[in-house]
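Student: My questions concern the predicted model and sequence given below.
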Protein chains: 2
Amino acid sequence: MNILVDVMGGDHGPNAVVEGCIQAINEAQGFDIKLIGDSSTIEKSLKEMGFSSPRLSVVHADEVITMEDSFKAVRTKKKSSMAIGLNMLKEKQGDVFLSAGNTGALLTGSTLILHRIKGVDRPALAAVVPSKEGGVCLIDCGANTVCKPLNLLQFGIMGSIYMEEVFGSKNPKVGLINNGTEDHKGTELVKESRKLLNNAPINFVGNIEGRDIAEGKIEVAVCDGFVGNILLKFYEGAGSFIKDSLKGIFTKSIFTKISALFLMENLKNFNKKLDYTEYGGAPLLGVNGKVMKTHGSSNAKTFKNAVLKAEKYGNSFVMEKICNQFLNMEVEVIEQDS
Amino acid sequence: MNILVDVMGGDHGPNAVVEGCIQAINEAQGFDIKLIGDSSTIEKSLKEMGFSSPRLSVVHADEVITMEDSFKAVRTKKKSSMAIGLNMLKEKQGDVFLSAGNTGALLTGSTLILHRIKGVDRPALAAVVPSKEGGVCLIDCGANTVCKPLNLLQFGIMGSIYMEEVFGSKNPKVGLINNGTEDHKGTELVKESRKLLNNAPINFVGNIEGRDIAEGKIEVAVCDGFVGNILLKFYEGAGSFIKDSLKGIFTKSIFTKISALFLMENLKNFNKKLDYTEYGGAPLLGVNGKVMKTHGSSNAKTFKNAVLKAEKYGNSFVMEKICNQFLNMEVEVIEQDS
């Protein structure tokens, strides 16, 4: 198992990425990492951290795709860490590619270089967020601002396969995010998508409301990338607000600080449960290659978790199952389109 | 100040509504309440609670609009508590009308009976949700599934007036919810709305992301009612999930229970800060009358808070300011439309 890592993406710079990769190697076995980026920067970083391991190698990249670059940047910056990583993935020099870089460039680059899986109309980003029941896959969480009903149908199928293969959900419940559970409610997109999802080979439970997501009524929540992106970031902001408020409780006086000591272990578990970063990266489902996006603002710990999630994703049969599923469905989809 | 209360709405039945009203009267001065609904049910409820006060009177209504009724139900059920309440508001027999009933029927009924404020294209529901900085007005949170740019412009203006007049925000910052802050990002609706909002007589700060809401970067967050409804309910579900997890921490052992005692006061404040129900009802802005919707699943405490918020809304000049604002803007809006 070879994990390809784009060292040059991410707001905290190459050091955080390198540190996260070292933590992942120290924590788990069974994979090697290829760090892709400016080799002198990476080697300096490794030297500073006093780390070397046969499991870690460096692949030099001359260019960097920045957050300001266009979504078509892999075309113009062919020597960037992102373009090199995607090409290495294509040529099977790695099993999975992880990047915290420019989302638009990563999505477009993945489709350009790896191509879509046959039958998939639009690839989608699938993030898993915490819920009462463990985790919910939010798909699409940002790849497609505007969607067709066919896209939402396919997101439901891909999300279901992902939760089954990577998170061990048995026959995951799939819900369609709407402003009400009733059939007559919602946008045209939702109404048409529901009809398609009703006939899909998944455990579709119908419309769900916003509250059903964190309450864990479903394991897969389907929406367009506009709504998904807003929800994902909203959850992040709400989580940060709540954690800050909670911190305030325990640091008010010496008594509350002592109380916190007794609760330490439980509080840690609580934080872990809520912690966004524990859930790691979001795969781009629907392309011929395992690409995982992690948060631009990822720190070393987030990156470590993303590497561990990438390893699970790399070891899974998600892509193969999506290929099979869409190969079987293709006839139906074409019939519906015509 | 007369607060008209629809006793027959709400999932917990008339008792919860009556109890909430009694709590509000016991807690605060300066208003009377007219309970509208089946008089024998209400009187039985009051008797059971052993409460009577000259500040509380009963208005009989023969019919009830249920959650299953159509959004046009005020037309067919003219003797319902909702229709009677809206008509009393129109005839100035009350200053504000509060209902936990069927949202669709309340919205349509309000527009039918009270009419829109001159210049307002679509009224909107404005809910205030907790944030790091106190509270954020989410508008529209469910009245309009599909919107035009003009609607989002008007939501921004109405939300700004509401936060200024009822929550005391000075020159509230207004943001447009989007899947990214950059100008090129978003749906056509968002892009067109931003142009209009840029020229609006409010403190418009541009696009905001989901995380900016709970982090309190703005005081007013503008979106269509589809996104707003999903976000509002999502927040509710996330809050409930987090509170449940937190409860688990403190009840694990005798030590953690003792620790909780030391933290009691802080925990109460924390819960209060997060508590959805503390923020009370959501006004329907843009109609000629002060209508406030509260949660269908409101318990007595939620209802009490909604009554107190309704009193503040009733005492405010929100409606008058919206009237003035739109009278001044009318010429511009018409020019833009043509």
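Tutor: Arrived safely, thanks for sending.

Student: which SSE is A:I33 in?
Tutor: Taking DSSP states H and E as the criterion, A:I33 maps to strand A:32-37.

Student: Other residues contacting that strand?
Tutor: A:1-8, A:14, A:17-18, A:21, A:24-25, A:42, A:55-61, A:64, A:81, A:84-85, A:88, A:93-94, A:307 (CB atoms under 8 Å, 6 or more residues apart in numbering or on different chains). For the C-beta atoms, the positions are set from N, CA and C on the backbone; glycine is no exception.

Student: Only the buried subset of the residues you listed, as a PyMOL command please.
Tutor: Applying 16 or more other CB atoms under 10 Å in any protein chain shown to these leaves a buried subset, and the PyMOL line that selects it is:
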select buried, chain A and resi 2+3+4+5+6+7+8+14+17+18+21+24+25+42+55+56+58+59+61+64+81+84+85+88+94+307
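
Student: Keep only those of the contacts of strand A:32-37 that are in strands.
Tutor: Among the contacts of strand A:32-37, the residues falling in strands (DSSP state E) are A:2-6, A:56-60.

Student: Report the buried residues of the strand holding A:I33.
Tutor: A:33-37.

Student: Quickly run through the sheet partners of it, with directions.
Tutor: When pairing is defined by DSSP bridges, strand A:32-37 lines up against strand A:2-6 (parallel), strand A:56-60 (parallel).

Student: Those strands into CSV, with extra columns for mean pLDDT?
Tutor: Listed next are those as CSV, based on pLDDT from 0 to 100:
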stretch, mean pLDDT
strand A:2-6, 97
strand A:56-60, 97
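
Student: what about those strands, which gets the closest to A:V136?
Tutor: strand A:2-6 (25.2 Å; CB to CB).

Student: Once you drop chain neighbours, what's closest to A:G104?
Tutor: A:F71 (3.3 Å; CB to CB, 6 or more residues apart in numbering or on different chains).

Student: Sorry, slip of the keys, the one I care about is A:A100.
Tutor: Distances taken as CB to CB, 6+ apart put A:G10 closest to A:A100, at 3.6 Å, once the chain neighbours are dropped.

Student: now the strand ranked longest in chain A, how far from the chain's geometric center?
Tutor: Longest among the strand segments of chain A by residue count, using DSSP E, is strand A:124-131. Going by CA atoms, centre = their mean, to the nearest Å, the spacing between the C-alpha centre of strand A:124-131 and its chain's C-alpha centre is 6 Å.

Student: Provide the strand pairings for it, with the direction of each partner.
Tutor: Paired with strand A:124-131 in the same sheet, following DSSP bridges, are strand A:134-139 (antiparallel), strand A:282-285 (antiparallel).

Student: Would the top helix by length along chain A count as contacting chain B?
Tutor: If you go by DSSP state H, chain A has its longest helix at helix A:225-250. Yes. Using CB under 8 Å from any CB of the partner chain, helix A:225-250 reaches chain B at A:225-227, A:229-242, A:244-246, A:248-250.

Student: Pull up the distance across stretch A:267-287, start to finish.
Tutor: 39 Å (CA to CA, to the nearest Å).

Student: any idea of the mean pLDDT in it?
Tutor: Across stretch A:267-287, pLDDT averages out at 76.

Student: one step back: hmm, which of the residues of helix A:225-250 next to chain B are the buried ones?
Tutor: Buried among the residues of helix A:225-250 next to chain B by 16+ other CB under 10 Å: A:225-227, A:229-242, A:245-246, A:249-250.

Student: looking at the strands paired with strand A:124-131, which is buried most?
Tutor: Using mean count of other CB atoms under 10 Å in any protein chain shown, the stretch among the strands paired with strand A:124-131 with the largest mean neighbour count is strand A:282-285, at a mean of 28.

Student: just how off-centre is that one within its chain?
Tutor: 5 Å.

Student: likewise stretch A:39-54?
Tutor: Centre to centre, stretch against its chain (CA atoms, centre = their mean), the figure for stretch A:39-54 is 27 Å.

Student: buried sites along that stretch?
Tutor: Quick answer for stretch A:39-54 (16+ other CB under 10 Å): A:41-42, A:45-46.

Student: what sits up against that stretch?
Tutor: A:7, A:14-15, A:18-19, A:22, A:25, A:35, A:56, A:58-60.

Student: try 10 Å
Tutor: Residues outside stretch A:39-54 that contact it (CB atoms under 10 Å, 6 or more residues apart in numbering or on different chains) are A:5, A:7-8, A:13-19, A:21-22, A:25-26, A:32-33, A:35-38, A:56, A:58-62, A:64, A:81.

Student: what about that stretch, average pLDDT?
Tutor: 94.

Student: Over to stretch A:216-227?
Tutor: 97.

Student: Tell me which two of the buried residues of strand A:32-37 sit farthest apart.
Tutor: So, these by CB to CB: farthest apart are A:I33 and A:G37, at 12.1 Å.
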